[in-house]
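Here is my input, please return the structure:
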Amino acid sequence: MASLGELLFYAATQLDDEQADPIWEIPEVAVNMLVTCLAAGEDEVVRFYACKTVENITAQSISAGCSFATLKVAALLMNIYHTVTNEPLKISAAVTISHICKLNTTLFPTIFESLTIKNFSIALLEGIPRIQQAFLTMLNIALTQPYAKLDETLQADDSF
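Okay, here's the model as predicted:
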């Protein structure tokens, strides 16, 4: 997974240039493999490298990153965030969620409701700095989108 991740990340770095060679397109089978490796039940090291690969691709390339900006990937990443105790994996999942929210802003309401305002606020107040930054980025993106429930939810939470 680590080697595949490095290859796919390198390919993603080649895609958004106006002179991009189509040879660097990330095949759907590779996208599906990475998504499969994010699932619960996979080896945690494999999940970590798959998550890190998706994080790096979504940070680097709009065209390649959009392949991962889906509800299915968001759900898998939320599962990782909610269930793992491995801190680097949890951080990577949070950062990746932030990246896919930037690529597909329509995912934020689902992600926000999965997190709950209480957990969102706790992460902002007490979380690890990289998770705080990821959540602040998501919040900034959400505030620029039409999501009426966000304002009332935030205003109703004392800790926020």
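
Please save the CA atoms from the lowest-mean-pLDDT helix or strand in the chain in CSV.
Least confident helix or strand, the chain: helix 148-156 with a mean of 74, by mean pLDDT, DSSP states H and E. The C-alpha coordinates for helix 148-156 follow below in CSV (Å, rounded to 0.1, in the frame of the first residue of the first chain):
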residue,chain,number,x,y,z
ALA,A,148,-29.2,27.1,7.1
LYS,A,149,-29.1,24.5,9.9
LEU,A,150,-25.5,25.3,10.6
ASP,A,151,-26.1,28.7,12.0
GLU,A,152,-28.9,27.7,14.4
THR,A,153,-26.9,24.6,15.5
LEU,A,154,-23.8,26.6,16.3
GLN,A,155,-25.7,29.3,18.1
ALA,A,156,-27.6,26.7,20.2
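
helices and strands around that helix, which ones?
Counting contacts by 3 or more Cβ pairs under 8 Å, 6 or more residues apart in numbering; DSSP states H and E, helix 148-156 is packed against helix 108-115, helix 117-126. C-betas here are computed from N, CA, C, even on glycine.

What lies in contact with it?
If you take Cβ atoms under 8 Å, 6 or more residues apart in numbering as the criterion, helix 148-156 is touched by 109, 112, 117, 142-143, 160.

Now do that helix: distance to the chain's middle.
Here helix 148-156 is found 23 Å from its chain centre; the criterion is Cα atoms, centre = their mean, to the nearest Å.
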